[in-house]
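*Asks:* let me see the structure of the following:
(chains A and B)
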Amino acid sequence: MSQKPTVYIKDLKNHVGEEVTLKGWLYNKRSSGKLKFLILRDGSGYVQCVVFKGNVTEELFEAAEKLTQESSFEVRGKVKSEPRSVGGYELDVIDMKTISIAHEYPITPKEHGIEFLIDNRHLWVRSKRQVAILKVRARVVKAIRDFFDSRGFVLFDPPIITPNACEGTSTLFEMEYFDLGKAYLTQSGQLYEESGAFALGKVYSFGPTFRAEKSKTRRHLTEFWMVEPEMAFYDLDDDMALAEEFIEYIVQSVLTDCQVELQELERDLTKLETIKRPFPRISYTEAVEILKRKGVEFEWGNDLGGADETIIGEEFDRPVMIHRYPSEVKAFYMKRDPENPKVALAVDVIAPEGYGEIIGGSQREDNLDFLLERIKEHNLPQSFFEWYLDLRRFGSVPHSGFGLGLERTVSWICGLEHLREAIPFPRMIYRNTP
RNA sequence: UCCGCGGUAGCUCAAUGGCAGAGCAUGCGGCUGUUAACCGCAGGGUUGUAGGUUCGAGCCCUACCCGCGGAGCCA
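*Replies:* Now for the predicted structure:
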């Protein structure tokens, strides 16, 4: 095949009238006698390649006939603007070369069940919808990094293998660590981030985190990504202000750069366009009042369940920040409100449309004696936390932070049914393949 | 862990206790504008596993296996 410039489908608009070469895979094929329509995908987009029997050799026409779904090939042709074609452009094929004929492809153009698709996740990621989701995910990740990098935060990577359960609550993945006994996969880098904040001022970590909880719902994974900023000299109000600016930035970045993807996902853009500061801020106590007004039986002091969060979330058209939870349902390191010791200076951010908690954060307990009390109350082994207590012994200051779940955020922005579509290879309790 | 639902062709699903079916995918044939194209023909089955009831079980009963999504827990 002659060497014309190889271009990507997304750039075809700059080559109308020119002869170009495209390389990719056959997404679908239709034919009508002496015409063949080959839908080519190359990762950057999709384009219909038209093979007309009168324009090409007999051999080429037969080769086009033999292409099966997902066969790889390169094709040379003339780019033309074509409103009848999806995407608005088309390639009039002049020459074509088969690279590899695909075996019978399991994921056909009709509907499939979720189980089958997950079994074939390594192939499923080629599907239009999955490509769109994964591009949005990549854009969200970039927005997260850009946000913190441009606001004076320093990336501070916590360890993934840890000697103790960070918050002492969740079930963790356990391993034998040489002669040192048991070690665990991290459930949060937060305690380490606090040490980073006292060294660098404002830090963040961004990486995978692990929960061995036997959660079987569409909102849970055993391995998921979390971004955790931690800031010295921030109180709870500063923390909430940062969280809302952060979420607004992520959503608006995706809206600006992922129009094609959101359209493919049939996302209602008006639901995202309203995601602007300020977000509603209500106290836990006010949240309980909303529940009671809605007829939900709820006792002050209990934690909000998923259904409760959905009900409260439906009251607002943007994420709602619920703050000052009963300290008893929150982690030991959260600072109690000096004005009401029954509640902790914690905040959860609930996404709209029933997507639930996407952020959990708090102002941290900075007083050594109070923290020691909390550790005793929670029956945690103090020896494991000596290094953490040192942060209060050597120049303690007020500080705050939060964690945002990447997959839940992507799931919400994309309007997904299942969290597992928001990560390339989801890990769930009864599945660790492919 | 608890509660609920499910397992039939490669896939998605049908089938009053009475011949195992359709669409898609695959193969062959047809069509010069298809948009999950369409039309015709063909191949494709240990109905999750093991028992039981029955003249007869995909269907009813028991146990087990696997999965799904909800609760709890959390992001």
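
*Asks:* which residues sit against the helix or strand hosting A:Lys142?
*Replies:* Assessed by DSSP states H and E, A:Lys142 sits inside helix A:128-149. Contacts to helix A:128-149, defined as CB atoms under 8 Å, 6 or more residues apart in numbering, come from residues A:27, A:41, A:43, A:46, A:124-125, A:155, A:202, A:204, A:206, A:227, A:229, A:246, A:249-250, A:253-254, A:257-258, A:260-262, A:264-265, A:404, A:406, A:409-410, A:413-414, A:416, A:421-424. In this view, the C-beta of every residue, glycine as well, is placed from N, C-alpha and C.

*Asks:* give the ChimeraX command for selecting the buried subset of these.
*Replies:* Buried subset of the contacts of helix A:128-149, written as a ChimeraX selection, criterion 16 or more other CB atoms under 10 Å:
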select /A:27,41,46,124,202,204,206,227,229,246,249,250,253,254,258,261,262,264,265,404,406,409,410,413,414,416,421,422,423
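
*Asks:* could you pick out which of the contacts of helix A:128-149 are near RNA strand B?
*Replies:* Applying CB under 7 Å from any atom of the strand, the subset of those adjacent to RNA strand B comprises A:Leu404.

*Asks:* in helices only, show me the contacts of helix A:128-149.
*Replies:* Secondary structure assignment by DSSP state H places A:124, A:246, A:249-250, A:253-254, A:257, A:260-262, A:264, A:406, A:409-410, A:413-414 of the contacts of helix A:128-149 in helices.

*Asks:* out of the residues you listed, the closest to A:Arg324 would be?
*Replies:* Each of those was scored against A:Arg324 by CB to CB, and A:Phe246 proved nearest at 20.4 Å.

*Asks:* pretty sure A:Glu244 belongs to a helix, no?
*Replies:* Yes: membership of A:Glu244 in a helix is supported by DSSP: H, G, I helix; E, B strand; the rest coil.

*Asks:* so it sits against A:Val347, correct?
*Replies:* No: shown here, A:Glu244 and A:Val347 do not form a contact pair, counting by CB atoms under 8 Å, at 10.2 Å.

*Asks:* between the two, which contacts overlap?
*Replies:* Listed as contacting both A:Glu244 and A:Val347 by CB under 8 Å, 6+ apart are A:Met321.

*Asks:* have a look at these two and say which one is more surrounded.
*Replies:* Under the criterion of other CB atoms under 10 Å, the comparison of A:Glu244 against A:Val347 puts A:Val347 first, with 26 against 21.

*Asks:* for that one, which non-adjacent residue is spatially closest?
*Replies:* The spatially closest residue to A:Val347, leaving aside those adjacent along the chain, is A:His323, at 4.3 Å (CB to CB, 6 or more residues apart in numbering).

*Asks:* sorry, back to before: for the helix holding A:Lys142, the averaged confidence score.
*Replies:* The average of the pLDDT scores along helix A:128-149 is 95.

*Asks:* ok now that helix, how far from the chain's centre?
*Replies:* Between the centre of helix A:128-149 and the centre of its chain there are 7 Å (CA atoms, centre = their mean, to the nearest Å).

*Asks:* and if you look at stretch A:427-434?
*Replies:* Taking the mean of its C-alpha atoms, stretch A:427-434 sits 18 Å from the chain's own mean (CA atoms, centre = their mean).

*Asks:* could you pull out the buried residues of it?
*Replies:* Counting neighbours by 16+ other CB under 10 Å, one finds that the buried residues in stretch A:427-434 are A:Met428.
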